[in-house]
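Enquirer: The amino acid sequence is not available; the structure is as follows:
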């Protein structure tokens, strides 16, 4: 494996057990991470807290720092401070705001379902199955009448209490800016803007610079350009514009037909090397920056 993976984290991995088929389970991923010289990875589920899974991985694979997370979709009560409190007590390090149940994301899904050329996200299968069965989750938004909800403020306070990472996930730009500004006021120190070049969360370079000025890191995931949701040239241009000191590289991998996450990081890193980035730049985005968030 490449030198730049030594000590790396991937803070965006989907592993089994999960509601969707996955390429590998938590322990297989831990074995691959150790073999690649990586330090750890974050276990993401759209539906459940993964803190207990991460704790078991750390016990069984002590050479790998598995990171527990929670995503604030309807399956955990949405924007639910009690769920975040329990996650924090269980050792979770990262809190994603809504993904599959975000009002912003659902509007986009509704606009592309049924179109022949639509690139549906992997998780859309579950959403569409539930719709067919008449099961509909509430649409989640952290704003009401343009202001953050009390539940959102309460979640921020819990994140600050346990010094967890706030990840913006699939919420709208309006929600993101309100949330990040409030997070700074509530003493949240670790902020990550989720896959900034993804179609539904696409941030301009000026928007990214504004969020970085508020103390955030921006995340670039391998799957977004690898699946054609954005051009590689666009993703790399954004990284160059923001600079390695505020970028976190991750993969969002775990889909059965895709490469393994460690392979995805290596592919992304080599593409960046070809575009003039140094090994030091890669280590900032793969080692230093994510470690500053999770450790």
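Expert: Structure's in. What do you need? Please read all numbers here as calculations on a predicted model, not as lab measurements.
Enquirer: right, and residue 26 touches residue 18 too?
Expert: No - the pair residue 26 and residue 18 does not pass the contact test of CB atoms under 8 Å, sitting 9.8 Å apart. Any C-beta I mention is one placed from the backbone N, CA and C, and that applies to glycine too.
Enquirer: Name the residue in the two with the higher neighbour count.
Expert: More crowded of residue 26 and residue 18, by other CB atoms under 10 Å: residue 26, with 24 against 19.
Enquirer: Got the confidence number for the more buried one?
Expert: Per-residue pLDDT puts residue 26 at 98.
Enquirer: Can you give me the end-to-end span of stretch 226-244?
Expert: For stretch 226-244, the separation between the terminal residues is 20 Å (CA to CA, to the nearest Å).
Enquirer: In it, which residues are buried?
Expert: 226, 229, 230, 235, 236, 238, 239, 240, 242, 244 (16 or more other CB atoms under 10 Å).
Enquirer: does the fourth one sit in a helix, a strand or a coil?
Expert: With DSSP: H, G, I helix; E, B strand; the rest coil as the basis, the three-state label of residue 235 is helix.
Enquirer: Let me know the helix or strand that residue 34 is in.
Expert: Under the assignment given by DSSP states H and E, the secondary-structure element containing residue 34 is helix 26-36.
Enquirer: Backbone dihedrals for the residue lying closest to residue 119 once chain neighbours are set aside, please?
Expert: Of all residues beyond its chain neighbours, the one nearest residue 119 is residue 229 (6.2 Å), with distances taken as CB to CB, 6 or more residues apart in numbering. The main-chain torsion angles of residue 229 are listed as degrees, to the nearest 10 and equal phi -80, psi -20.
Enquirer: Identify the residues contacting residue 229.
Expert: Contacts here follow CB atoms under 8 Å, 6 or more residues apart in numbering; on that basis residue 229 touches 119, 197, 198, 199, 223.
Enquirer: pLDDT averaged over stretch 123-138 - what is it?
Expert: Along stretch 123-138, the predicted local confidence has a mean pLDDT of 87.
Enquirer: now do the same end-to-end measure for that stretch.
Expert: Using CA to CA, the end-to-end distance of stretch 123-138 comes to 17 Å.
Enquirer: So that it lines up with my notes, have the first residue be 105 from now on.
Expert: I'll keep to 105 as the first residue from here, and by that count the last item is stretch 227-242.
Enquirer: Low-confidence stretches in the chain?
Expert: Along the chain, no part satisfies pLDDT under 70.
Enquirer: for it, what spans make up the helices?
Expert: 130-140, 155-164, 185-193, 207-216, 228-236, 254-265, 277-289, 309-317, 327-330, 336-346, 365-378, 383-387, 393-398 (DSSP state H).
Enquirer: can I get the ones you listed in JSON lines with distance to residue 173?
Expert: Below are the helices of the chain laid out as JSON lines (distance: least, CB to CB, whole Å):
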{"stretch": "helix 130-140", "distance to residue 173": "12"}
{"stretch": "helix 155-164", "distance to residue 173": "8"}
{"stretch": "helix 185-193", "distance to residue 173": "8"}
{"stretch": "helix 207-216", "distance to residue 173": "18"}
{"stretch": "helix 228-236", "distance to residue 173": "18"}
{"stretch": "helix 254-265", "distance to residue 173": "12"}
{"stretch": "helix 277-289", "distance to residue 173": "17"}
{"stretch": "helix 309-317", "distance to residue 173": "20"}
{"stretch": "helix 327-330", "distance to residue 173": "17"}
{"stretch": "helix 336-346", "distance to residue 173": "23"}
{"stretch": "helix 365-378", "distance to residue 173": "15"}
{"stretch": "helix 383-387", "distance to residue 173": "23"}
{"stretch": "helix 393-398", "distance to residue 173": "10"}
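Enquirer: Nearest approach to residue 242 belongs to which of these?
Expert: For residue 242, the closest of these is helix 207-216, at 9.0 Å, according to CB to CB.
Enquirer: how distant is the closest one from the center of its chain?
Expert: Averaged C-alpha coordinates place helix 207-216 at 19 Å from its chain's average position (CA atoms, centre = their mean, to the nearest Å).
Enquirer: buried stuff in that helix?
Expert: Buried residues in helix 207-216, defined by neighbour count with 16+ other CB under 10 Å: 207, 208, 209, 210, 213.
Enquirer: Now for residue 363: which residues touch it?
Expert: When contacts are taken as CB under 8 Å, 6+ apart, residue 363 is in contact with 357, 371.
Enquirer: ok, now which ones touch the nearest residue to residue 262 once chain neighbours are set aside?
Expert: Once its chain neighbours are removed from consideration, residue 262 has its nearest residue in residue 188; the separation is 4.4 Å (CB to CB, 6+ apart). Under the criterion of CB under 8 Å, 6+ apart, the neighbours of residue 188 are 174, 176, 199, 259, 262, 263, 268.
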